[in-house]
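Participant: below are the sequence and a predicted model; questions follow.
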Amino acid sequence: MTEQNFEQMRRAMVASQLRTTGVNDPRVVAAMGAVPRERFVPAERRALAYADTLVPIGHERQLSPPMALGRMLTEARLGGDERALVIGAATGYSAAVLARLVRSVVALEEVSELAAFARSALVGTGVDLVEGPLTQGHPAAGPYDFILIDGAVEFVPQAIVDQVADGGEVALALLEDGVTRLCVGRVAGGAFGTTAVSDVAAAVLPGFLRPRGFTF
């Protein structure tokens, strides 16, 4: 694959995966059209960088399809001055895109090997990559105006809700009864609620699944 090949694939992603699925914020489209996604995919999977599918990245983790990120960022209606946190940074792609849309980005990853990959791929983006348990967030740099949980989860831990500034937002994919729905949540007066936007394919994020009850 050449750089020109990837450029053509990136343009095709914008035209066929983003613009046709409600990703209509010009700033989001421009950011995703500018960030070279292939840089954030392991070499052996690079041909899938712009595919409309889950991309395995090792350590039982996957990158969600581009449309999932595009819809979450579009529905968040970011103004540009937000302090943001990405939970589940993986290889750093979503953080690199988000860095073009907000004032500052902290990217949290708990798998050391993925964090090392992301740290290298994110050079020059201004993203602050930190390591730690995903379910705990990163309170040291909070509160945040926007938190992107980059993956499908069954719940949002209170520890993360507590890191959202009053009036701030959380974008996530909520997994319920086997169906994954894109949701945008808002914190107001200490209360947190989410609104479902659409069904979406997204990689399941470890640590955010409810314990299963024992049955015979």
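Facilitator: Okay, I see it. Residues are numbered from 1 along each chain as shown.
Participant: CA only for contacts and neighbour counts going forward, please
Facilitator: Will do.
Participant: how many neighbours does E38 have?
Facilitator: E38: 21 surrounding residues under other Cα atoms under 10 Å.
Participant: whoops, G58 was the one
Facilitator: Summarising burial for G58: neighbours were counted as other Cα under 10 Å, giving 12.
Participant: start to end distance for stretch 129-147?
Facilitator: This stretch, stretch 129-147, spans 14 Å end to end (Cα to Cα, to the nearest Å).
Participant: please shift the residue numbers so they start at 45 in all later answers.
Facilitator: Fine by me, first position is 45 from now on; the one you just mentioned is stretch 173-191.
Participant: contact partners of that stretch?
Facilitator: 126-132, 150-156, 159, 162-163, 201, 203-204, 206-215, 251-252 (Cα atoms under 8 Å, 6 or more residues apart in numbering).
Participant: residue contacts, the spatially most central residue of the chain?
Facilitator: Residue closest to the mean C-alpha point of the chain, counted by Cα atoms, centre = their mean, is D194 at 3.0 Å. For D194, the residues meeting the contact criterion (Cα under 8 Å, 6+ apart) are 113, 130-133, 138, 216-217, 249.
Participant: now flag whichever of those is closest to A235.
Facilitator: L216 (16.9 Å; Cα to Cα).
Participant: re the thing from before, any idea which element the residue nearest to the centre of the chain lies in?
Facilitator: Counting by DSSP states H and E, the element that carries D194 is strand 188-197.
Participant: how far out from the middle of the chain is that strand?
Facilitator: The chain centre lies 6 Å from the centre of strand 188-197; the measure is Cα atoms, centre = their mean, to the nearest Å.
Participant: flag every buried residue along it.
Facilitator: 188-197 (16 or more other Cα atoms under 10 Å).
Participant: likewise for stretch 177-185?
Facilitator: For stretch 177-185, the neighbour count (16+ other Cα under 10 Å) marks 178-179, 181-182 as buried.
Participant: can you tell me which of those residues is nearest V99?
Facilitator: Scanning the buried residues of stretch 177-185 for proximity to V99, where the rule is Cα to Cα, the winner is L178, at 20.1 Å.
Participant: ok, now which ones touch V85?
Facilitator: With Cα under 8 Å, 6+ apart, V85 has these contacts: 93, 101, 135.
Participant: do D96 as well
Facilitator: Contacts of D96 (Cα under 8 Å, 6+ apart): 61, 109-111.
Participant: helix, strand or coil for it?
Facilitator: What DSSP: H, G, I helix; E, B strand; the rest coil gives for D96 is coil.
Participant: where do the helices sit along this protein?
Facilitator: 47-57, 70-78, 110-120, 137-142, 156-165, 202-205 (DSSP state H).
Participant: any chance of the contacts of D194 in CSV, plus pLDDT, distance to A78 and neighbour count?
Facilitator: Listed next are the contacts of D194 as CSV, based on pLDDT from 0 to 100; distance: Cα to Cα, whole Å; neighbours: other Cα atoms under 10 Å:
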residue, pLDDT, distance to A78, neighbour count
L113, 95, 14, 28
V130, 98, 19, 27
I131, 98, 22, 28
G132, 97, 22, 28
A133, 97, 19, 29
S138, 98, 12, 27
L216, 95, 23, 29
A217, 93, 24, 32
L249, 92, 26, 21
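Participant: low-confidence stretches in the chain?
Facilitator: The model of the chain has pLDDT under 70 over residues 45, 256-260.
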